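Trainee: Pasting the sequence and the predicted coordinates here, then a few questions.
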Amino acid sequence: MDAEATAQNPGLRAAYGVGPDTAAQLLITAGGNRERMRTEASFAARCGVSPVPASSGRTNRHRLSREGDRAANAAPYRIALVRMSSDPRTLEHVARHTAAGRTRKEIIRLLKRAIAREVFRCLTTTITLPDIGDPRPLRQAKNITHTAAAQHFGIWPTAISRLERGLSRNDDLSHAYRDWLHAA
């Protein structure tokens, strides 16, 4: 499934927090033709992440639409959870909204809408990814272990292994790792 989702839309699969099952669900929701989705608002409505006013009295708030494809609604939620656990930009976003007095539920609603915007761009435009070669042969030729590389960057060895195998994507670390390998 991962190979098929990556072949269909490599830009979507490369987005932070989008796993193979999530990418497959979003591709199914989008359908076979890109022209079917005219605006990001229509895609958000299809996923059930478009905001609906839910104000009462002095309270002015929004909630997510309960319409749309429920499986497609679960995909942005999974992406939001992954990003809330490890993405620095999202963590900063969550901290800012928490300081403003928003609840976790409201923050996730905002994140899901922002994720729908990003996914819509990935689905409707062709994103080419740079072809990054496998750094393992260079690391092995220089007789550097995962542990030594991980200690240099202050991360766990599994992070280096996952980066080399293409299981996780971190462009900054990837470029720094390649530069370090060439300099070593």
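Mentor: Received it, and whenever you're ready, just let me know what you need.

Trainee: Following the chain past the helix or strand of the chain with the lowest mean pLDDT, name the next helix or strand.
Mentor: Using mean pLDDT, DSSP states H and E, the weakest-scoring helix or strand in the chain turns out to be strand 62-64, at a mean of 71. Counting by DSSP states H and E, the element after strand 62-64 in chain order, helix or strand, is helix 70-86.

Trainee: What is that next one packed up against?
Mentor: With contacts taken as 3 or more CB pairs under 8 Å, 6 or more residues apart in numbering; DSSP states H and E, helix 70-86 sits against helix 20-30, helix 40-47, helix 88-99, helix 104-124. Glycine gets a C-beta too; all of them are placed from N, C-alpha and C.

Trainee: got the CA coordinates for that helix in PDB?
Mentor: Coordinates of each C-alpha in helix 70-86 appear next as PDB, following Å, rounded to 0.1, in the frame of the first residue of the first chain:
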ATOM      1  CA  ARG A  70     -16.000   9.700   8.300                       C
ATOM      2  CA  ALA A  71     -13.000   7.700   7.200                       C
ATOM      3  CA  ALA A  72     -11.700  10.800   5.500                       C
ATOM      4  CA  ASN A  73     -12.300  12.700   8.700                       C
ATOM      5  CA  ALA A  74     -10.100  10.200  10.600                       C
ATOM      6  CA  ALA A  75      -7.100  10.800   8.300                       C
ATOM      7  CA  PRO A  76      -6.600  14.500   9.300                       C
ATOM      8  CA  TYR A  77      -7.200  13.600  12.900                       C
ATOM      9  CA  ARG A  78      -4.400  11.000  12.800                       C
ATOM     10  CA  ILE A  79      -2.100  13.500  11.100                       C
ATOM     11  CA  ALA A  80      -2.900  16.100  13.800                       C
ATOM     12  CA  LEU A  81      -2.100  13.600  16.600                       C
ATOM     13  CA  VAL A  82       1.300  12.700  15.000                       C
ATOM     14  CA  ARG A  83       2.100  16.300  14.500                       C
ATOM     15  CA  MET A  84       1.000  17.300  18.000                       C
ATOM     16  CA  SER A  85       3.400  14.700  19.400                       C
ATOM     17  CA  SER A  86       6.600  15.500  17.500                       C
END
